[in-house]
Every structure is written in C-alpha cells, then in structure tokens.
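A.B. asks: Whatever this is, show me its structure:
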Amino acid sequence: MNRKIKKIFDRCVPASKKFLFFESEGDFCDNARALYEYMLENGYDGKYHFVWRVHNVEFFRKHFSKKNVTFVSRESLWETLRFYYYVSHCGYFFFTHPYWLKNWKKSQKVMALWHG
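C.D. replies: Purely as a prediction, here's the structure:
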C-alpha cells in the first residue's frame, strides 16, 4: 500500500527546492541535526521549510516547534499520508542512514551525512 501512496503523491505533488527533508537514525540527532541547527543559526529558515521524520511527532512538535519546521512520521494513516506528501514535495533529502528511500524524482537530490 505504501508504494501505491508514494506513486500517487509523486505524480500529483511537484518537488520544491524550498523544502528540505531531514532524518537521522536516532531521531533528531547526529550529523543531520548538526546541519539543521547550522542552517537555523544562519537564517536558512527564512528561505527554506524544514521537514523532519521522527517517531514521536507530538513530542517534537511540543518541544522543538519553530517557524518553517514540520515533523512527520508513519505512525498512523494520517501521518503516513503527510509523510508521503512531504517525501514527494521536498527537493532535498539529508540522511544519516537513507535505507528506506530507494526511488526519488530526477529533480530531487539526496545527501548522505553518515560520517561527515
């Protein structure tokens, strides 16, 4: 079912270079968080919208909510739909462990931050 959802969103939702997707193996940590915090400190949140995949969305919305930052997960049907919308919409992906993203649009760029 998830593949079908992704295909639908990929066809209907254009990728935007103004949307950046972040994910780290330990939820909001490691090199992905360091890059994200650098970007916030240097005003990138005025130009870009950040999307973070986390496990406990409510916790991060409550404790780390900022302008132009969205937290998503795949913990419920609604969150899964939001997740795939942003996966289709984001122009850039920043991962510490990009194990689940096998296919992306030609207009999207994927950056692995494993041991940067």
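A.B. asks: Show me what counts as buried in the longest strand along the chain.
C.D. replies: If you go by DSSP state E, the chain has its longest strand at strand 16-23. Neighbour-count burial for strand 16-23 flags 16, 19-23 (criterion: 16 or more other CB atoms under 10 Å). Backbone N, C-alpha and C define where each C-beta goes, glycine included.
A.B. asks: Run the angle between the following helix or strand past it and strand 16-23 for me.
C.D. replies: Tracing the chain C-terminally past strand 16-23 and defining elements by DSSP states H and E, one meets helix 30-41 next. Put simply, helix 30-41 runs at 140 degrees to strand 16-23, going by axes from the mean of the first three to the mean of the last three CA atoms, to 10 degrees.
A.B. asks: Quick check: next helix or strand after helix 30-41?
C.D. replies: Counting by DSSP H and E, what follows helix 30-41 is strand 49-53.
A.B. asks: list the helices and strands that next one packs on?
C.D. replies: strand 16-23, helix 30-41, strand 69-72 (3 or more CB pairs under 8 Å, 6 or more residues apart in numbering; DSSP states H and E).
A.B. asks: and of the ones you listed, who's closest to Leu81?
C.D. replies: Minimum separation from Leu81 across those (CB to CB) falls at strand 69-72, 9.7 Å.
A.B. asks: residues in contact with Phe64?
C.D. replies: 28, 71 (CB atoms under 8 Å, 6 or more residues apart in numbering).
A.B. asks: The same query, at a cut-off of 10 Å, please.
C.D. replies: Counting by CB atoms under 10 Å, 6 or more residues apart in numbering, Phe64 makes contact with 28, 52, 54, 71.
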